[in-house]
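Colleague: Need a 3D model of the following:
(one chain, ligands or ions: 2)
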Amino acid sequence: MKILVVGSGGREHALAWKLAQSERVQTVYVAPGNGGTAKDHRLSNVPLSDPAALADFAEKEGVALTVVGPEVPLAAGIVNIFRERDLKIFGPTREAAQLESSKDFAKAFMKRHKIPTAEYQTFSDLAAAHDYINAKGAPIVIKADGLAAGKGVVVAMTLEEAHAAIDMMLADNKLGDAGARVVIEEFLAGEEASFIVLVDGKHVLALATSQDHKRLLDADQGPNTGGMGAYSPAPVVTPEIHARALREVIMPTVKGMESDGIPYTGFLYAGLMIAPDGKIKTLEFNCRMGDPETQPIMARLRSDLVNALDHAVDGKLDQVELEWDRRTALGVVLAAHHYPDTPRHGDVITGVPADTDDQITFHAGTKLQDGKLVTSGGRVMCIVGLADTVRGAQQKAYEAINQIHFDGMQYRKDIGYRAIK
Ligand code: AMP
Ligand code: GLY
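Modeller: Ligands and ions are numbered 1, 2, ... in the order given. Sure thing, here's the model as predicted:
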């Protein structure tokens, strides 16, 4: 069968890499893909990203299943478009994707269905937002309502930062429509984990646990990014926390969406804050897999992903079990010069080692130009190491990185530190 993966990042490379391993698969198309998916002979890049054009392509090529990586096409209704044309696709509809595309929708949903999350209020009036912050004090968290490519959340440690964030979004419209409404919420302390599951409308199948590193610099300093590294499994998600996340967050979400008349299908990612006493609260929902969490998760998946997604699209996830590599997988993101603000493009990348059983490179912001691999985005690639221990996996990843070069390359040296300490 032919499969289509929509997107161009490291997450999509990892999904396509895994899907291509299935015996049932002839071709995996990646639209639009990147330099890594271009180089892999089992994958084939397609220069399309418009949802309707992708549906035309899927129909013409007889694509049996489409898997969507990023949130933007999901929020734009790519699943609605494919389903109207009877094309099989795994992902949430435009309506269900609001769990990610509107923070206000997600917060109101959680409140209505008693899903644990931070206290909040939503504002579009500038003065009212400033007053609320003065009344609540810092630290406090300001979130743009809409999709803002990772730039929409400000964790303000001082009132000054909080007021500046409100002005940036509501007065100066720096985030456009996405920031025309803001959610202001209580600051939560604890350790974060990414809890990602497959959902078929009713049934849930949990993927292996993972943890991301959102800040640019070592020791969680510097600005927030899309994610600078991730590893799986995440020891912070103990069996008790796992059960609790399913019981308190995931199942009520799937049931709540169904009872609200918006059944949820697709990957569902709950960002969890785990307090020292083991209580969990939902920081956010994403209607897709995480990037870079997908890279270590796919590196560990032993089962056939095509089979799992096929069952998910048919509403039969209760018939699937997943098997995982017992090793830890740890991925380190190599980012371009000046990421995250104004990443430079066009730097030549050299020294990328060939994949082995315990070192895998997933590309993101790369492209082939005159036969050379060059940078073309903020997060350039993610190097995954696998070993029996977190430290061993870390060593494998950094060993590979030591061979790679491009001008301005930046990466964190401490990915996985919470699991090692
Ligand atoms: P979000 O996109 O909502 O997950 O926010 C991005 C990041 O901001 C999260 O991964 C957290 O590190 C941080 N964050 C979000 N909400 C809160 C909160 N209520 N308290 C503390 N940190 C938060
Ligand atoms: N790595 C965080 C995310 O994908 O949202």
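
Colleague: The nearest residue to Lys372 once chain neighbours are set aside: neighbour count?
Modeller: Using C-beta to C-beta, 6 or more residues apart in numbering and skipping the chain neighbours, the partner closest in space to Lys372 is Val348 (5.5 Å). Using the backbone N, CA and C atoms, a C-beta is placed for each residue, glycine as well. By the measure other C-beta atoms under 10 Å, the count of residues near Val348 is 12.

Colleague: Please apply the same query to Gly35.
Modeller: By the criterion of other C-beta under 10 Å, Gly35 has 27 neighbours.

Colleague: so what's the closest residue to it other than its chain neighbours bridging to?
Modeller: Excluding its sequence neighbours, the residue lying closest to Gly35 (C-beta to C-beta, 6+ apart) is Thr366, at 3.4 Å. The partner list for Thr366 in beta bridges (DSSP bridges) reads Thr375.

Colleague: Any figure for the gap between Thr366 and Gly346?
Modeller: In this view, Thr366 and Gly346 are 11 Å apart by C-beta to C-beta, to the nearest Å.

Colleague: Neighbour count: these two, which is higher?
Modeller: Neighbour totals were compared for Thr366 and Gly346, and Thr366 leads with 29 against 12 (other C-beta under 10 Å).

Colleague: Which pLDDT value goes with that one?
Modeller: Here, the pLDDT recorded for Thr366 equals 98.

Colleague: Strands along the stretch 151-300 of the chain, start to end?
Modeller: Listed in chain order, the strands of the stretch 151-300 of the chain (DSSP state E, counting those that start in this stretch) span 153-156, 182-186, 191-200, 204-206, 211-212, 215-217, 221-224, 229-232, 265-274, 280-286.

Colleague: what sits against the residue lying closest to Arg379 once chain neighbours are set aside?
Modeller: Nearest in space to Arg379, with sequence neighbours left out and distances taken as C-beta to C-beta, 6+ apart, is Ala364 at 4.6 Å. Applying C-beta atoms under 8 Å, 6 or more residues apart in numbering to Ala364 gives the contacts 8-10, 13, 34, 36, 291, 333, 377, 379-382.

Colleague: same thing but at 6 Å, please
Modeller: By C-beta atoms under 6 Å, 6 or more residues apart in numbering, the contact set of Ala364 is Gly9, Gly10, Gly377, Arg379, Met381.

Colleague: Return the subset of these lying in helices.
Modeller: Among the contacts of Ala364, DSSP state H puts Gly10 in helices.

Colleague: closest to Gly190 among the contacts of Ala364?
Modeller: Among those, Arg379 lies closest to Gly190 (C-beta to C-beta), at 25.8 Å.

Colleague: and that closest one, how many residues sit next to it?
Modeller: By other C-beta under 10 Å, the residues close to Arg379 number 26.

Colleague: Just confirm it contacts Gly331, I think it does.
Modeller: No: Arg379 lies out of contact with Gly331 (C-beta atoms under 6 Å); the separation is 10.9 Å.

Colleague: between those two, what contacts are shared?
Modeller: By C-beta under 6 Å, 6+ apart, Arg379 and Gly331 have no common neighbours.

Colleague: low-scoring pLDDT stretches of the protein, where are they?
Modeller: Counting by pLDDT under 70, the chain has no low-confidence residues at all.

Colleague: Return the residues of it in contact with ligand 2.
Modeller: Residues of the chain lying close to ligand 2 (C-beta under 6 Å from any ligand atom) are Asp212, Gly226, Gly227, Asn286, Gly290, Asp291, Glu293.

Colleague: switch the cut-off to 5 Å
Modeller: Proximity of the chain to ligand 2, by C-beta under 5 Å from any ligand atom, involves residues Asp212, Gly227, Gly290, Asp291.

Colleague: burial measure for the closest residue in space to the last one that isn't next to it in sequence, as a count.
Modeller: Excluding the flanking residues, the one nearest Asp291 by C-beta to C-beta, 6+ apart is Arg11, at 3.8 Å. When counting by other C-beta under 10 Å, one arrives at 28 neighbours for Arg11.

Colleague: Spell out which residues sit in contact with Arg11, please.
Modeller: Gly69, Met289, Asp291, Thr294.

Colleague: Please report which of those has the highest neighbour count.
Modeller: Highest neighbour count within the contacts of Arg11: Thr294, with 31 neighbours (other C-beta under 10 Å).

Colleague: correct me, but it touches Glu12?
Modeller: No: using C-beta under 6 Å, Thr294 makes no contact with Glu12, being 8.3 Å away.

Colleague: about what we covered before: how about the residues of the chain next to ligand 2 in CSV, adding distance to ligand 1?
Modeller: Shown next, in CSV, are the residues of the chain next to ligand 2 (distance: C-beta to the nearest ligand atom, whole Å):
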residue, distance to ligand 1
Asp212, 7
Gly227, 9
Gly290, 10
Asp291, 13
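
Colleague: which of the residues you listed sit farthest apart?
Modeller: Longest distance between any two of these is 8.9 Å, between Asp212 and Asp291; criterion C-beta to C-beta.

Colleague: most neighbours per residue, which of the strands of the stretch 151-300 of the chain?
Modeller: Of the strands of the stretch 151-300 of the chain, the one with the most neighbours on average (mean count of other C-beta atoms under 10 Å) is strand 229-232, at a mean of 30.
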